[in-house]
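**Q** 3D model of this:
(chains A, B, C and D)
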Number of protein chains: 2
Amino acid sequence: MSITATRSRREPIVGECCDVVAPAPKVAAPDDETLAAMAKALGHPARVKILRVLDAHQACVTGDVVAQLTLAQSTVSEHLRILRQAGLIQGEIEGPRTRYCVSPTGLAALKAGIAAL
Amino acid sequence: MSITATRSRREPIVGECCDVVAPAPKVAAPDDETLAAMAKALGHPARVKILRVLDAHQACVTGDVVAQLTLAQSTVSEHLRILRQAGLIQGEIEGPRTRYCVSPTGLAALKAGIAAL
DNA sequence: CACATTCATCGTGGTTCGTCGATTAGCGAT
DNA sequence: ATCGCTAATCGACGAACCACGATGAATGTG
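**A** From the prediction side, this is the model:
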């Protein structure tokens, strides 16, 4: 084998950044402003999908997410920033890459806020 | 009394348009597109508040909602349109006014979609 | 009928969003 | 030190959003 080096081989890299299998955090429903901000962050199909991807894999580096979204790397990075600023995901730098995962408390807050409607 | 006719007196007009006290409708979680659209519709503080107002009063005509939002009538009407198009509320014309109320199935769908995240 | 009331819609201006390619910065390996 | 890879940031541009006043279509009332 060996064509011209290992061409874009990319196994999804597993690992942990947030407490995996956290036992359902209890949080209060956020105020209108925060709830609206969270809803707005979720108000784009790509960002819903990102959340699902992150959840399915527990955690992903940016490249893994990009690989599933048919969007430019810069665009995905932007969506990740929006989700992060809304508190729905969290990312930590890990060498040359960044590992993202769902924020248990942030997501729980959103769920609480919506459920209280 | 009687100044110059009943000036802007506006008791919130109660009434029913949707099935009040419906026993929690069961709906399936919507797909990513629909969920994103619903979340987007909720992604503005004014629209969150409108939903609360509607829920608190069971149903309101447009004027009642306008009275609580410190926004121009046309702006509120626009927000109502957005919520309606997202399926979160429903309105029916009633003489010269329009009565709005929360859409039980729409809201349930949103809740299901968020809870499934 | 003429008039007032209620609300949706139109037109507009300013802001934000969504997407992309290009660039930059950090890190690891050679 | 230099190269290669990863990911965030920048700049640009069109589309969509948010707010408003003005207009218009229904409906009810004198």
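**Q** Up against DNA strand D, what does chain A have?
**A** Counting by Cβ under 7 Å from any atom of the strand, chain A comes close to DNA strand D at A:5, A:10, A:61-63, A:66, A:73-74, A:77-78, A:80-81, A:91, A:96-98. All C-beta atoms are positioned from the backbone trio N, CA, C, and that covers glycine.
**Q** my read is residue A:100 is in a strand, agree?
**A** Yes. Assignment of residue A:100 by DSSP: H, G, I helix; E, B strand; the rest coil places it within a strand.
**Q** tally of neighbours for the closest residue to residue A:73 other than its chain neighbours?
**A** Excluding the flanking residues, the one nearest residue A:73 by Cβ to Cβ, 6 or more residues apart in numbering or on different chains is residue A:66, at 5.1 Å. Neighbour count for residue A:66, taken as other Cβ atoms under 10 Å in any protein chain shown: 19.
**Q** again with residue A:81
**A** For residue A:81, the neighbour count with other Cβ under 10 Å is 12.
**Q** Now do the same contact list for residue A:45.
**A** Residue A:45 makes contacts with B:32-33, B:36, as judged by Cβ atoms under 8 Å, 6 or more residues apart in numbering or on different chains.
**Q** which stretches of chain A have low pLDDT?
**A** For chain A, the stretches with pLDDT under 70 are A:1-22, A:24.
**Q** again, only using 80
**A** Residue ranges of chain A with pLDDT under 80: A:1-25, A:59.
**Q** Residues of it that sit close to DNA strand C?
**A** When proximity is defined as Cβ under 7 Å from any atom of the strand, chain A approaches DNA strand C at A:40, A:43-44, A:46, A:71-75, A:78-79, A:82, A:93, A:95-96.
**Q** 6 Å instead, please
**A** With Cβ under 6 Å from any atom of the strand as the criterion, chain A meets DNA strand C at residues A:44, A:46, A:71-72, A:74-75, A:78, A:95-96.
**Q** Tell me how far the closest residue in space to residue A:41 that isn't next to it in sequence lies from residue A:23.
**A** Take residue A:41 and drop its neighbours on the chain: the residue closest to it by Cβ to Cβ, 6+ apart is residue A:86, 3.4 Å away. Computed as Cβ to Cβ, to the nearest Å, the residue A:86 to residue A:23 distance reads 23 Å.
**Q** Specify which residue of these two has the higher count of neighbours.
**A** Using other Cβ under 10 Å as the criterion, residue A:86 and residue A:23 rank with residue A:86 on top: 19 against 7.
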